[in-house]
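# got a sequence here, can you build the structure:
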Amino acid sequence: MGTDLARGVSRLVVEPDADAALAFADRDETIDAAHRDLFTTLLTRDARYDTQTAIDITLLGRYYERFADHAVAIARRLDFAAAGAPLRATARPIGSTA
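As a prediction, the model looks like this:
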């Protein structure tokens, strides 16, 4: 997922595309959902992870989630630079769970 986001942003630098930039919000939501699922898995009573492993997994999930947030922010800025207007009003704010 992370490398797909990086490649997608790289493509937007070379070839601005409003639809592709807007699609980043959906990709970000996929990673946000995976991050939430990770917490659910780690917090179940049946989880058999030692403390260090649980912390490492939690931090890794958080880093991926932040990476996705940054990719969305970059895509929006690139689209703004190319179009001279903010990304479509239908795009949800970065970090929004709504």
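
# tell me which residues of stretch 14-33 are tucked away?
Judged by neighbour count (16 or more other CB atoms under 10 Å), stretch 14-33 contains these buried residues: Pro16, Asp17, Ala18, Ala20, Ala21, Leu22, Phe24, Ala25, Arg27, Asp28, Ile31, Asp32. All C-beta atoms are positioned from the backbone trio N, CA, C, and that covers glycine.

# surely the first one touches Asp79?
Okay, so that is Pro16. Yes - at 6.5 Å, Pro16 counts as touching Asp79 under the criterion of CB atoms under 8 Å.

# need the buried residues of stretch 14-33 in a markdown table with secondary structure and pLDDT, can you?
Formatted as a markdown table, the buried residues of stretch 14-33 follow (DSSP: H, G, I helix; E, B strand; the rest coil; pLDDT from 0 to 100):
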| residue | secondary structure | pLDDT |
| --- | --- | --- |
| Pro16 | coil | 81 |
| Asp17 | coil | 80 |
| Ala18 | helix | 77 |
| Ala20 | helix | 81 |
| Ala21 | helix | 79 |
| Leu22 | helix | 78 |
| Phe24 | helix | 75 |
| Ala25 | helix | 71 |
| Arg27 | helix | 79 |
| Asp28 | helix | 78 |
| Ile31 | helix | 84 |
| Asp32 | helix | 85 |
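
# quick one: which of the residues you listed is nearest Phe67?
Each of the buried residues of stretch 14-33 was scored against Phe67 by CB to CB, and Ile31 proved nearest at 8.0 Å.

# tell me which stretches of this protein form strands.
In the chain, no strands are defined using DSSP state E.
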